[in-house]
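J.: Quick one: sequence and predicted model below, then my questions.
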Amino acid sequence: MLSEPILTSRAEDGREIPLLVWRADVPLRTISSGALGGGIGARLWVLNATVPMSYDRDDPAAHLAALAADLALDGPGVGLLTGVDVAEVIARTDTGVRAWVTVGLGTPVLAAAPAPAALAQRVGTVNIVVYVPARLADSALVNAVATATEAKTQAIRELGLPGTGTPTDAVTVLCPVDGPTAAYGGPRSTWGAPVARAVHSAVLAGGARAVVPWSEQLTG
């Protein structure tokens, strides 16, 4: 089982920076596109860390590993970064599936559009963490990531924004390692359907809230 996220903080440059931490009492099957702990494997925790919108470190995995060590997060885990205040996390539950989303949509982009000459300063990030209470096959884990992404894009479209996401979005899906294996994770499957609904609802709510980037909050 994955815990509800705990909000904590770290001191950096004289400020208290917010962090969200999820812990599992036993390793969970996980798929993630996170900077730390990405891929498919067993994971024990997830960390979602706020960073300034000017963040330009070229070692995000090492940075996240250091943050995890400061929090005494042992064993393998997933690390995510975002420019929004993770205290603004949105949670939704549907048919046993739980989804948590931090939404930054300062500059949504169309995935297949030509890359601009320079990225906008407010690229934003949508980080999605999903727990499914049934063991998913590897193929179903991959499908669940696609389903969550489709649901995110649907919400962005309904918000009236001209994009499919942002350049730095990340998705993490976790599930038990034991039990009968579900073969599918698409939007009409037993577990993919509630994943889609929970993520869609969370992104829609977070986008409507118009989360202000953390760096702007500091100077506001």
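T.: Received, thanks. Numbers count the residues shown, from 1 in each chain.

J.: Skip ahead from the biggest helix by length in the chain and say which helix or strand is next.
T.: Assignment by DSSP state H gives helix 138-158 as the longest helix of the chain. Reading on from helix 138-158 to the C-terminus, the next helix or strand found by DSSP states H and E is strand 170-175.

J.: got the angle between that following strand and helix 138-158?
T.: 130 degrees (axes from the mean of the first three to the mean of the last three CA atoms, to 10 degrees).

J.: How many residues are close by the closest residue to Ala183 other than its chain neighbours?
T.: Once flanking residues are discounted, Ala183 sits nearest to Ala137: 5.2 Å by CB to CB, 6 or more residues apart in numbering. (Each C-beta comes from the backbone N, C-alpha and C, glycine too.) Counted with other CB atoms under 10 Å, the neighbours of Ala137 add up to 15.

J.: my read: Ala137 touches Ser189, true?
T.: No. With contact defined as CB atoms under 8 Å, Ala137 does not count as touching Ser189 (11.2 Å).

J.: what's the overlap in contacts for these two?
T.: Residues touching both Ala137 and Ser189 (CB atoms under 8 Å, 6 or more residues apart in numbering): Ala182.

J.: that older thread, what about the residue nearest to Ala183? Give its phi and psi, please.
T.: phi -60, psi 160 (degrees, to the nearest 10).

J.: Quick one: residues contacting it.
T.: Ala137 touches Thr181, Ala182, Ala183, counting by CB under 8 Å, 6+ apart.

J.: beta partners of the first one?
T.: On the basis of DSSP bridges, Thr181 takes part in beta bridges with Arg135.

J.: Next up, the contacts around it.
T.: So Thr181 contacts Arg135, Leu136, Ala137, Ala140 (CB under 8 Å, 6+ apart).

J.: Quick check: what element follows the longest strand seen in the chain along the chain?
T.: Longest strand of the chain, by residue count under DSSP state E: strand 15-32. Moving toward the C-terminus from strand 15-32, the next helix or strand (DSSP H and E) is strand 39-50.

J.: can you give me how far the helix or strand following that following strand is from the chain middle?
T.: Per DSSP H and E, strand 39-50 leads on to helix 60-70 as the next helix or strand towards the C-terminus. In terms of CA atoms, centre = their mean, to the nearest Å, the centre of helix 60-70 is found 17 Å from the chain centre.

J.: Sketch out the low-pLDDT regions of this protein for me.
T.: Residues of the chain meeting the criterion pLDDT under 70: 117-123, 210-220.

J.: and Asn11, bridged to which residues?
T.: Careful, residue 11 is Ala and not Asn. Where Ala11 sits in a bridge, its partners, by DSSP bridges, are Glu16.

J.: Tell me the spacing between it and Glu4.
T.: Separation of Ala11 from Glu4 (CB to CB, to the nearest Å): 24 Å.

J.: phi, psi of the closest residue to Val78 other than its chain neighbours?
T.: Once flanking residues are discounted, Val78 sits nearest to Gly37: 4.0 Å by CB to CB, 6+ apart. According to degrees, to the nearest 10, the main-chain angles of Gly37 amount to phi 70, psi 20.

J.: Report the contact partners of Gly37.
T.: Thr30, Arg43, Pro76, Gly77, Val78, Gly79 are the contacts of Gly37 under CB under 8 Å, 6+ apart.

J.: hmm, which of those residues are the buried ones?
T.: Thr30, Arg43, Gly77, Val78, Gly79 (16 or more other CB atoms under 10 Å).

J.: thinking the third one is in contact with Leu44, fair?
T.: Spelled out, that is Gly77. Yes. Taking contacts as CB under 8 Å, Gly77 lies within contact range of Leu44: 5.6 Å.
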